[in-house]
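Chemist: 3D, please:
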Amino acid sequence: MGIYLDNSATTAVHPEVKEAMLPYLTDLWGNPSSLHEPGHIAHDAVANARAQVASLLNCQSDEVYFTSSGTLANNIAILGHARFAEANGLGKHLITSTIEHSSVLGPIEFLEASGWKVTYLPVNGEGFVDIESISKTINKETTIISIAWANNEIGTIQPIGEIAQLAKQKNIFFHSDAIQVPGKLQIDLNKIPLSALSISGHKFNAPKGIGALFLRTGSNVMPITFGGGQEQGLFPGTESVANIVAIGKAAQIAANELPGSQAKLMNMQKYLIEKLSYLTNIRFTGPRDLNKRLPGHISLVVPGVSGETVILRSDLHGIYISSGSACHNNALEPSHVLRAIGLPDREAIGALRLSFGKFNTQEECEEAASALENILRLEEPSLKIQLSKSV
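Modeler: Model prediction:
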């Protein structure tokens, strides 16, 4: 395999995580709800994993609920509290930002179509929401605020602690999509008074198919799916024990290795930015201050060139990166995030994202930098052709 720089999309499963989960795919297949010994073994494994995730988040174990994905965790938090608000005659006004992930915007748009009033806060050119604008938007009907901790496309880290304090003062349910955060930033829910927070295992070296929702004690969320009583009824269905064990182990590793991982990611991030900064035909997006940006995350645009063209050329060189544009009906469309920060479509279709992970090395970083320098100089024939067609 070449050099994988798409860790914001998904990460490799850590060898220790794979080792921890394998017994629950082979010999220890019991149902955690069963009363016999195999059931008790599975139940204890789930409880241990819950404690490991709670340790990563610095919260209580009974505030952690396992789900099948970060997407479902986001939906449960937003739609579940909306159900509670409706059932109790509370206000139906929700505040979010224009750069949220689709797994947040989707349920919010559903609520809007169902009669909720939604305020979509604008962001500045680096993707930050304004605290004062949130405060001014809050009214007596506001019952939910949902703002992502860090943006997956442009790396912006929001002032989540300040927003959480504001929401607490106003007694508003505050949810944050923190799916990009574990393993990169410290999460301390004892200090940050969030009502709910979502994470996804495959973003920090667990397998796909497992996520978790933090729900603070006293924060009310009603089920949006129905069945058995698993996960206190919020996510009914027989637990995926192997995946739950996996996210628990990944959480333990992420917490233990955070300081070293964070420094390593930032060093590679700085190196690659410095190597590409002199290129005159690119423009970096997101925060310039790396202390306000996800460690290991770089985003840029190549005006006049589609991001997919650069990705395909990079793929031929064994460098695996991603784009911020999408193809619909055979037409390239820039993401809503890039439009929200003010990029014109002609630039936004040239969006690229490079994201380092735990297993990248400095040698890979240097090799990737050299290859990308050549590709982004537009010395590659395919890029020249694309540029001439786009002008």
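
Chemist: List the contacts of residue 57.
Modeler: Listed by C-beta atoms under 8 Å, 6 or more residues apart in numbering, the contact set of residue 57 reads 64, 187, 188, 189, 197, 199, 214. In this view, the C-beta of every residue, glycine as well, is placed from N, C-alpha and C.

Chemist: cool, and residue 171?
Modeler: Counting by C-beta under 8 Å, 6+ apart, there are no residues that residue 171 touches.

Chemist: I'd guess it is in a helix, am I close?
Modeler: No - Residue 171: not assigned to a helix; according to DSSP: H, G, I helix; E, B strand; the rest coil it is coil.

Chemist: In terms of secondary structure, what does whatever helix or strand residue 314 lives in contact?
Modeler: In this structure, residue 314 sits in helix 307-316 according to DSSP states H and E. Packing contacts for helix 307-316, counted by 3 or more C-beta pairs under 8 Å, 6 or more residues apart in numbering; DSSP states H and E, involve strand 322-323, strand 325-328, strand 351-355, helix 362-376, helix 381-390.

Chemist: looking at the ones you listed, which has the lowest confidence?
Modeler: Among those, strand 325-328 has the lowest mean pLDDT, at a mean of 46.

Chemist: In this structure, mark out all the helices, start to finish.
Modeler: Taking DSSP state H to define them, one finds helices in the chain at 15-21, 37-57, 70-87, 102-113, 131-137, 160-169, 241-276, 307-316, 336-340, 345-348, 362-376, 381-390.

Chemist: Could you give the number of residues near residue 103?
Modeler: Residue neighbour count, defined by other C-beta atoms under 10 Å, stands at 19 for residue 103.

Chemist: Identify the residue nearest it in space, chain neighbours excluded?
Modeler: Closest residue to residue 103 apart from its sequence neighbours, by C-beta to C-beta, 6 or more residues apart in numbering: residue 71 at 3.9 Å.

Chemist: So what's the residue count around the one you found?
Modeler: By other C-beta under 10 Å, the residues close to residue 71 number 20.

Chemist: so what's it up against?
Modeler: So residue 71 contacts 103, 200, 211 (C-beta under 8 Å, 6+ apart).

Chemist: ok, so what distance separates it from residue 217?
Modeler: 24 Å (C-beta to C-beta, to the nearest Å).

Chemist: likewise residue 163?
Modeler: Distance from residue 163 to residue 217, by C-beta to C-beta: 20 Å.

Chemist: Neighbour count: the two, which is higher?
Modeler: Taking neighbours as other C-beta under 10 Å, residue 163 and residue 217 compare with residue 163 leading, 22 against 8.

Chemist: my read: the more buried one touches residue 135, true?
Modeler: No - contact between residue 163 and residue 135 fails when scored by C-beta atoms under 8 Å: they sit 9.7 Å apart.

Chemist: circling back to that earlier point, taking strand 351-355 as reference, get the angle to the helix holding residue 314.
Modeler: Per axes from the mean of the first three to the mean of the last three C-alpha atoms, to 10 degrees, the angle that helix 307-316 makes with strand 351-355 is 40 degrees.

Chemist: Now do helix 307-316, average pLDDT.
Modeler: Taken as a whole, helix 307-316 carries a mean pLDDT of 92.

Chemist: And for stretch 277-289?
Modeler: If you average the pLDDT values across stretch 277-289, you get 93.

Chemist: could you dump it to PDB, C-alpha only?
Modeler: Output in PDB follows, covering the C-alpha atoms of stretch 277-289 (Å, rounded to 0.1, in the frame of the first residue of the first chain):
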ATOM      1  CA  SER A 277       3.400  27.100   1.200                       C
ATOM      2  CA  TYR A 278       5.600  28.500  -1.600                       C
ATOM      3  CA  LEU A 279       3.400  27.200  -4.400                       C
ATOM      4  CA  THR A 280       1.600  30.200  -5.800                       C
ATOM      5  CA  ASN A 281      -1.300  28.200  -7.400                       C
ATOM      6  CA  ILE A 282      -2.800  26.900  -4.200                       C
ATOM      7  CA  ARG A 283      -4.700  28.400  -1.300                       C
ATOM      8  CA  PHE A 284      -4.900  26.900   2.200                       C
ATOM      9  CA  THR A 285      -8.300  26.800   3.800                       C
ATOM     10  CA  GLY A 286      -9.400  26.700   7.400                       C
ATOM     11  CA  PRO A 287      -7.500  28.200  10.400                       C
ATOM     12  CA  ARG A 288      -4.000  29.500   9.900                       C
ATOM     13  CA  ASP A 289      -3.300  29.100  13.600                       C
END
